[in-house]
Every structure is written in structure tokens, then in C-alpha cells.
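J.: Sequence and predicted model, in that order:
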Amino acid sequence: MKRIIVLALACAVAPLAGAQLYKYVDKDGRTVYSDQPPPAGESKQLHVNTGTGTAGPSYVARDKALDKTRQAEKDKEKKKEIGEENAKLAQQRCAQATESYHTYQEGGRLFRTNEKGEREFLSDEEIEAARVKSKQEMDEACKSS
């Protein structure tokens, strides 16, 4: 029973243990903050919460974090655009290499133009070498697509 009474008294006295702060203007016109009431005159009693509350981040910190997030989103979008562009270019290279390979695969009378602007027909060995080379280029260009 004594324990309950002591506990009740402790709970009742705890709010009174809070810090009291007085604010007043002294005779020289300075504002004074004190835990003692002024000797004479008018004062304003301030109630101070002595609890340890944690303040959130400042507005500057929040603004910096928001800017950082926006910049990260911009970088992500830019990387995505570059990736899409690279994929499109790889697809074009694959299509060109496939077309070149099919040209040599079909055979027929193939020619190239020399320095004088004249046509020179390719021999069977040159066509076969060009076909093998275009097959390798096609395999390389199309493996990532």
C-alpha cells in the first residue's frame, strides 16, 4: 500500500519538476531570461519543455535531398535514353550485316568499282571470302540483339 502511495506522489510531483523560466526587462532596458523571478516589476513566466525532442532536417537539408533525388531521376532517364539509342543502333547494324550476308549467300555476278570507276567482277574465291567475312560480321552484330 505504501508503494502505491509513493508512486502516486511521484507521478503527481513529476510535472512540477519541469523547469520554470522568467523573462523580464531590467532597469537598463535589456531583456533577461532567468530561472529566478525578477526582484520587482512585471515578468512573464515561460514554460519550457525539457524533453529531448529531435527536430527533423532543416529546410536546406530537405531542399538538397530533393535536388539530389531529382538529379538521380534525370540521370536515370538519360541512361535509359542512351540505352534505347544504343539498342536501336545495334539493331540497325544487325540488319545491315544480315543484308550484306544474304547478298553474298545468293551469289550471282557481283562486282565492285575500281579507282577508275570501272566495274570489276568478283571471282568465286573473292565472293566466298566476302561471304565468310560478312557471316562473321553478322554473327557479331546480331548476337546482342
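T.: Looks like it came in fine.

J.: counting contacts, what elements does the longest helix seen in the chain pack onto?
T.: Identified as the longest helix of the chain according to DSSP state H is helix 59-106. Secondary-structure packing of helix 59-106 (3 or more C-beta pairs under 8 Å, 6 or more residues apart in numbering; DSSP states H and E): helix 124-142. Bear in mind the C-beta positions are built from the backbone N, C-alpha and C, glycine included.

J.: what angle sits between the helix it packs on and helix 59-106?
T.: The directions of helix 124-142 and helix 59-106 differ by 160 degrees, with axes from the mean of the first three to the mean of the last three C-alpha atoms, to 10 degrees as the criterion.

J.: And for helix 124-142, what's in contact with it?
T.: The contact list for helix 124-142 (C-beta atoms under 8 Å, 6 or more residues apart in numbering) reads 90, 93-94, 96-98, 100-101, 103-105, 107, 110, 122.

J.: Skip ahead from the lowest-mean-pLDDT helix or strand in the chain and say which helix or strand is next.
T.: In the chain, no helix or strand scores lower on mean pLDDT, DSSP states H and E than helix 2-13, which sits at a mean of 61. Using DSSP states H and E, the helix or strand that follows helix 2-13 in sequence is strand 20-25.

J.: just how off-centre is that next one within its chain?
T.: Put simply, strand 20-25 sits 49 Å off its chain's centre (C-alpha atoms, centre = their mean, to the nearest Å).
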